[in-house]
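Participant: sequence and predicted structure, then a few things I'm wondering about:
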Amino acid sequence: MKRAALLSAAVLVAGLAVGTTPAAAANLLANPGFEAGSLSGWSCSAGSVVNSPVRSGSFALAGAASSSDNARCTQTVSVLPNTSYAVSAWVRGNFVHLGITGGPVSWTPSATSYTQLSLTFTSGAAQTSAQLYLHGWFGQGTYHADDVSLDGPGGGPPGNPGAPGAPGTPTAGTVTNTSIGLSWGAATGTVSGYRVYEGNTVRATVTATSATVGGLAACSTHTFAVAAFNATGESPRSAETTATTTGCVNPGLPRHALIGYLHASFANGSGYLRMADVPPAWDIVNLAFGEPTSVTSGDIRFNRCPVAECPNVESDAEFLAAIRAKQAQGKKVLISIGGQNGQVQLTSTAARDRFVSSVAAIIDRWGLNGLDIDFEGHSLFLNAGDTDFRNPTTPVIVNLISALRTLKARYGSAFVLTMAPETFFVQVGYQFYGGAGGGDNRTGSYLPVIHALRNDLTVLHVQDYNSGPVMGLDNQFHFMGGADFHIAMTDMVKAGFTVASTGLRFPGLREDQIAFGLPAATSAGNGHTAPAAVQSAVNCLVRGQSCGGYTLRGGVSPGFRGLMTWSINWDRFFGFEFQNSHEPFLNGLP
């Protein structure tokens with residue numbers, strides 16, 4: 001969140017990785033030179049096969065990049081974990097890219113004749129597949145590619161002769177407070193049994209194609225994969241599936257909530273709004289902001305707006321009484337930590353402990369319902385080599401997770417915990433992950449925090465504004481300001497995604513934990529979206545309607561939690577357009 005309008009910062013991160021020589025050379029691609037005379041083996045958004053110009057043989061790829069489509073062509077192959085692979089392609093045209101999804105990329109700004117692009121990558125510790133892609137650039141015209149190669153040892157049974165093939169993707173069946181039932185398709189080959197994995201832990205070993213994993217906590221989310229085995233060895237693992245046990249505590253929110261930030265410690269161009277004057281339409285009111293005494297102190301202070309800046313500011317007693325009145329109406333009032341100016345780096349356990357005690361003091365002083373984490377700028381980052389979001393090692397990440405768990409335990413199940421990261425810290429992790437190196441070390445850095453707190457998190461409302469273009473699960477770039485951006489970004493949070501080149505999959509959240517954030521007006525931030533487009537996006541996410549050709553990878557979300565805005569003050573300044581448009585709309589959803 002910003003105290004004033006911000007400039008949009010486009011995220012353009014690219015790197016050319018250099019790895020070791022592959023252990024074996026074998027082109028794993030099907031139809032690598034397009035000599036089938038078709039796109040067999042490839043998936044292309046705007047591609048065709050042509051017989052001129054070609055580098056060798058009779059055919060080549062032509063990718064018709066336009067102003068709205070970069071003509072991306074992909075092919076996914078099986079690979080072995082912890083193995084180096086070499087990739088190359090001969091290309092011609094403007095801004096032609098060759099890369100591995102979530103990994104390195106090589107590109108040329110202009111090639112008037114066929115030029116070879118090449119790169120290497122090393123698969124992650126649990127990675128069993130890799131997706132190669134080619135694409136041009138928006139508005140740069142048709143590019144051509146030929147003789148594409150992804151060399152190295154193949155995964156699956158060819159890499160482990162005699163072992164079974166991978167089982168089918170498991171699906172969740174009967175779910176209780178303490179157990180999740182799973183079933184899957186049988187593996188090919190000779191099968192002695194199946195192992196159900198959660199991470200690298202075997203949760204069940206069975207001979208049938210179903211299992212029930214028990215001993216789980218209520219309202220806890222789990223991600224499983226299945227491997228078949230026989231006397232020769234174990235198959236590659238299946239794709240993962242995520243399920244949540246029942247028994248979730250109702251956070252006391254309406255099914256679809258309106259969430260807004262209130263400038264309680266400053267005014268800015270929108271002016272000060274007294275707590276008592278906040279309309280009852282707002283279900284969660286985030287007090288902006290609690291800020292640290294210094295970046296690394298962990299000592300958070302919440303200072304009411306001074307009279308010199310906010311002449312109409314109420315007294316502390318009036319402010320407290322207004323909070324109580326909101327709570328009596330069933331509303332939740334939270335302290336939001338961070339914001340544009342509130343850089344918080346918990347680099348030490350002492351800072352962590354001071355964070356806990358000082359935030360608890362604010363919550364107790366004003367009798368608040370919980371906490372919102374709005375860390376921006378350089379508050380969160382990943383040290384080099386910190387590549388497993390499930391087991392982070394960077395102190396600012398580890399200490400924040402510990403602090404939030406302590407606060408949750410202190411206040412119990414009724415404690416409301418929300419987060420408001422920017423897309424750079426969440427969805428950009430699909431392409432680039434900070435700890436993997438080769439770019440900004442902040443990319444995707446909220447992912448370990450969200451994952452660790454997923455069973456305690458009430459609402460995640462990513463800021464769908466002040467953002468550059470972000471690649472979605474359709475491997476296309478999406479741009480803020482329209483329904484398409486909100487659909488694609490929210491679907492990523494629901495469906496989950498593979499984190500860059502780590503080979504690890506970030507599991508999606510429950511639909512009731514997911515909202516998305518918007519500027520209340522054009523002056524509040526870049527990426528303002530007209531109310532009709534916002535509601536089209538929500539209708540897609542909730543009802544599967546008005547998706548504009550986008551296919552939801554995470555399925556429809558009837559329990560989608562709602563909409564957040566920066567800010568209630570800016571909405572008041574512009575006649576409450578956000579509130580008046582979206583509160584009745586949310587109330588009318590199923």
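Facilitator: Nice, thanks for sending it over. Residues are numbered from 1 along each chain as shown.

Participant: now the helices: where do they sit in the stretch 251-400 of the chain?
Facilitator: Across the stretch 251-400 of the chain, reading from the start of the chain, the helices by DSSP state H, counting those that start in this stretch fall at 316-328, 349-366, 395-411.

Participant: make CSV out of these and add mean pLDDT and distance to Cys540.
Facilitator: Bear in mind the C-beta positions are built from the backbone N, C-alpha and C, glycine included. Formatted as CSV, the entries for those read as follows, by pLDDT from 0 to 100; distance: least, CB to CB, whole Å:
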stretch, mean pLDDT, distance to Cys540
helix 316-328, 98, 32
helix 349-366, 98, 37
helix 395-411, 98, 32
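
Participant: using TSV, lay out these together with mean neighbour count and distance to Ser45.
Facilitator: Formatted as TSV, these follow (neighbours: other CB atoms under 10 Å; distance: least, CB to CB, whole Å):
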stretch	mean neighbour count	distance to Ser45
helix 316-328	15	48
helix 349-366	18	46
helix 395-411	19	36
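
Participant: identify whichever of these lies nearest to Gly124.
Facilitator: When the helices of the stretch 251-400 of the chain are ranked by proximity to Gly124, the top entry is helix 395-411, at 19.1 Å, counting by CB to CB.

Participant: next SSE after the closest one?
Facilitator: Heading C-terminal from helix 395-411, the first helix or strand you meet, by DSSP states H and E, is strand 416-419.

Participant: output that next one as PDB, nothing but the C-alphas.
Facilitator: The C-alpha coordinates for strand 416-419 follow below in PDB (Å, rounded to 0.1, in the frame of the first residue of the first chain):
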ATOM      1  CA  VAL A 416      -7.600 -12.700  12.100                       C
ATOM      2  CA  LEU A 417      -4.400 -12.800  10.000                       C
ATOM      3  CA  THR A 418      -4.400 -11.200   6.600                       C
ATOM      4  CA  MET A 419      -1.600 -10.500   4.100                       C
END
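
Participant: now do that strand, average pLDDT.
Facilitator: In this model, strand 416-419 has a mean pLDDT of 98.

Participant: what of stretch 486-496?
Facilitator: Per-residue pLDDT values over stretch 486-496 give a mean of 97.

Participant: which other residues reach it?
Facilitator: Stretch 486-496 has contacts (CB atoms under 8 Å, 6 or more residues apart in numbering) with 242, 423, 426-427, 430, 460, 462, 464, 470, 472-474, 476, 478, 505-509, 511, 514, 516, 518, 529, 534, 537-538, 540-541, 547-548, 550, 552-555, 557, 560.

Participant: what about those residues, which are in helices?
Facilitator: Among those, the subset assigned to helices under DSSP state H consists of Val534, Ala537, Val538, Cys540, Leu541.

Participant: what's stretch 200-213 in contact with?
Facilitator: The list of residues contacting stretch 200-213 from outside it, by CB under 8 Å, 6+ apart, reads 126, 167, 173-174, 179-186, 192-198, 222, 224.

Participant: can you select the buried ones among the ones in helices among the contacts of stretch 486-496 for me in PyMOL?
Facilitator: Selection of the buried residues among the ones in helices among the contacts of stretch 486-496 in PyMOL, burial being defined by 16 or more other CB atoms under 10 Å:
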select buried, resi 534+537+538+540+541
